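[1] Next come a sequence and a model predicted from it.
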Amino acid sequence: MTRTLGRLFLAIALAALALPAPARAGERTLNRPHYLIHTDLDPQLADDLANRLEAMYGEYSQRLATLGKAPNVPRMEVYLFRNQSDYLRFTDGKIRNSGGLFLPGRNLLAAFLNGQGRQQMRRTLQHEAFHQFAYNAISPDLPIWLNEGLAQFFEEGLWNGAGFSVGEVPPRRVRQLQADIRANRMVPFGTLLSMTDVEWAKRLSSSREQGSVQYNQSWAMVHFLAMAHSPRDEKQFLYRNRLIDFLRLLHIGKPADEAFQTAFGNNIPAFEQRFSEYAATLTATPEATMIENQNVLADLLVDFNRQGRQFDDVESFRRFVVQGHFKLHYQLGELEWNTNPDINVYFADSDGQRFLSTDLYFASRTAAALPDLVCRFTPQLKLRTRFFQTANGAVDHDLQIEVTQATASIR
């Protein structure tokens, strides 16, 4: 079985692009404290996205509160389209490889659903909403590596309906990072630090592979600055306060190179060496790993359903997969990988213990394409994958994290 991931939806911030969109059938407007959202998405999904946008705005504000009080930003308009054709018409068809974008000149976000799916759309909005916040509350002139790196850092935040967990490390990012290190594709530190928006876009347009490298490396650099901790104390972060100082200096108008040297020093080679050591040993976080595992199981279920096979329970599903030695092949740009040869790892917790039938199970849902796949991976949280039919009649899936105890905490 082969699964080819959708094309890489690049997050692009542009100065001005679109005219007001014409009214669409079923369009409604959602009023939120920081956003005015125009959408033709179904009400349940639209409300979920609106709630996430507000929660992420609060997350940005909380994490970066030490920069000082944010300016009085007018509510930002958001256009969420069901169809890519409406999105392309709205953006004049100029950015065909984007799943969403931020228009600073109009303080406006736009994104679409069909063609990239619900999970990717949520990630796109978390990413682009940070660009809006940064433009208004930090600086309109953030270095491109920092702007994109921070946007991806928040893009990976996990929403459980009550709050966000940030600092997650998905396995796919570790794969990309390790592959780029092995192939000597990493951008020299000094080059990335001094790269302009124009140079970034030029490298992006000249090579899709190089675009993936510079995006993922920027994410890794921000993760290093925000999350690297003392080997003696996991609660002692080595560079987080310096990162905040860097942002504060940018906020008051210091040039990027001067602000970086003030916050981190001028020994760039030594700093690059510390980053390289961190990148070489970075491992995926348990939560992000469990999410990938569940998505692999969901992909298998979709493929089997396409062949006319469904299962009464997870154990019969597991036995069938194990006995058939099934595997999936994924591709994202130039990066390719296969599922683990031991398929049992996808039916097990982070300690390698196989889930009980009360912890990984199917749950019927009215009018669903397939029963939900539910995984209780901590006493407080569980993953729920819902299956639904797309506009072209195919079956796709959408994963959400649910709180099972009111006392659940989010770091």
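    Cool, the structure landed. Numbering: from 1, shown residues only.
[2] who's the closest residue to His131 other than its chain neighbours bridged to?
    Closest residue to His131 in three dimensions, ignoring its sequence neighbours and counting by Cβ to Cβ, 6 or more residues apart in numbering: Phe102, at 4.2 Å. Just so you know, the C-beta spots here come from the backbone N, C-alpha and C atoms, and that holds for glycine as well. For Phe102, the beta-bridge partners are Ala13, Leu109 (DSSP bridges).
[3] Quick check: the gap between Phe102 and Asp42.
    24 Å (Cβ to Cβ, to the nearest Å).
[4] Wasn't Gly115 part of a strand?
    No - Gly115 is assigned coil when assessed by DSSP: H, G, I helix; E, B strand; the rest coil, not a strand.
[5] doesn't Gln84 make contact with it?
    Yes - under the criterion of Cβ atoms under 8 Å, Gly115 makes contact with Gln84 at 4.8 Å.
[6] who's more crowded, these two?
    Ranked by neighbour count (other Cβ atoms under 10 Å), Gly115 and Gln84 place Gly115 first, with 18 against 15.
[7] how near is that one to Leu383?
    Per Cβ to Cβ, Gly115 is found 24 Å from Leu383.
[8] How about Asp47?
    Distance, Asp47 to Leu383, by Cβ to Cβ: 21 Å.
[9] Kindly report the same for Leu101.
    In terms of Cβ to Cβ, Leu101 sits 29 Å off from Leu383.
[10] ditto for Asn97
    30 Å.
[11] Among the two, which residue is more densely surrounded?
    Neighbours per residue (other Cβ under 10 Å) separate Asn97 from Leu383, with Leu383 holding more: 22 against 13.
[12] for the more buried one, which residues make a bridge with it?
    Using DSSP bridges, the beta-bridge partners of Leu383 come out as Cys375, Ile401.
[13] What of Thr39?
    Per DSSP bridges, the residues bridged to Thr39 are Arg28, Leu80.
[14] Next, the contact list for it, please.
    Applying Cβ atoms under 8 Å, 6 or more residues apart in numbering, we find Thr39 in contact with 27-30, 46, 49, 78-81.
[15] go with 10 Å
    Contacts for Thr39 (Cβ atoms under 10 Å, 6 or more residues apart in numbering) come out as 24, 26-30, 45-47, 49-50, 78-82, 111, 113.
[16] try Gln152
    The neighbours of Gln152, taking Cβ under 10 Å, 6+ apart as the test, are 11, 123, 126-127, 130, 173, 215-216, 218-220, 222-223.
[17] what two of these are the furthest from one another?
    Within these, two members stand farthest from each other by Cβ to Cβ: Gln126 and Ala220, at 17.9 Å.
[18] Thr358 - how many residues pack around it?
    So Thr358, with other Cβ under 10 Å, has 7 neighbours.
[19] Skipping adjacent residues, who's closest to Glu155 in space?
    Using Cβ to Cβ, 6+ apart and skipping residues adjacent in sequence, the residue nearest Glu155 is His127, 4.0 Å away.
[20] Now the one you found: which helix or strand?
    Assigned by DSSP states H and E, His127 falls within helix 117-137.
[21] Going C-terminal from that helix, what's the next secondary structure element?
    helix 144-155.
[22] Next secondary structure after that next one?
    strand 158-159.
[23] ok, that following strand: who's next to it in the sheet?
    Strand 158-159 has the following sheet partners, assigned by DSSP bridges: strand 164-165 (antiparallel).
[24] Would you mark the buried spots in the helix or strand that comes right after the strand it pairs with?
    If you walk from strand 164-165 toward the C-terminus, the next helix or strand you reach (DSSP H and E) is helix 171-182. Burial within helix 171-182, assessed by neighbour count using 16 or more other Cβ atoms under 10 Å, is assigned to 171-177, 179-180.
[25] Any chance you could list what contacts the helix or strand following helix 171-182?
    Toward the C-terminal end, the helix or strand that comes next after helix 171-182 (DSSP H and E) is helix 189-194. Contacting residues not belonging to helix 189-194 are listed as 143-146, 149, 186-188, 199-200, 203, 213-214, 217-218, 221, 256-257, 260, 264, 268-269, 271-273, 275-276 [Cβ under 10 Å, 6+ apart].
[26] got the contact list for the residue sitting furthest away from the middle of the chain?
    No residue in the chain sits farther from the centre than Gln323, which is 34.0 Å out by Cα atoms, centre = their mean. Shown in contact with Gln323 (Cβ under 10 Å, 6+ apart): Ile343.
[27] any idea which helix or strand carries it?
    Using DSSP H and E, the element containing Gln323 is helix 314-324.
[28] and that helix, how far out from the chain's middle?
    Distance of helix 314-324 from the chain centroid (Cα atoms, centre = their mean, to the nearest Å) equals 31 Å.
[29] repeat for stretch 139-148
    18 Å.
[30] Likewise for stretch 264-283?
    24 Å.
[31] what's the answer for stretch 287-295, then?
    Going by Cα atoms, centre = their mean, where stretch 287-295 is centred and where its chain is centred differ by 13 Å.
[32] Run through who's touching it.
    The contact list for stretch 287-295 (Cβ under 10 Å, 6+ apart) reads 3, 119, 156, 158, 160, 165, 167-174, 283-285, 339-340, 345-350, 360, 373-375, 377-378, 381, 383-385, 397, 399, 401.
[33] Out of those, which end up buried?
    119, 156, 158, 160, 165, 168-174, 284-285, 339, 346-347, 349, 360, 373-375, 377, 381, 383-385, 397, 399, 401.
[34] Looking at Phe102 and Asp42, which is more packed in?
    Between Phe102 and Asp42, counting by other Cβ under 10 Å, Phe102 is the more crowded of the two (26 against 12).
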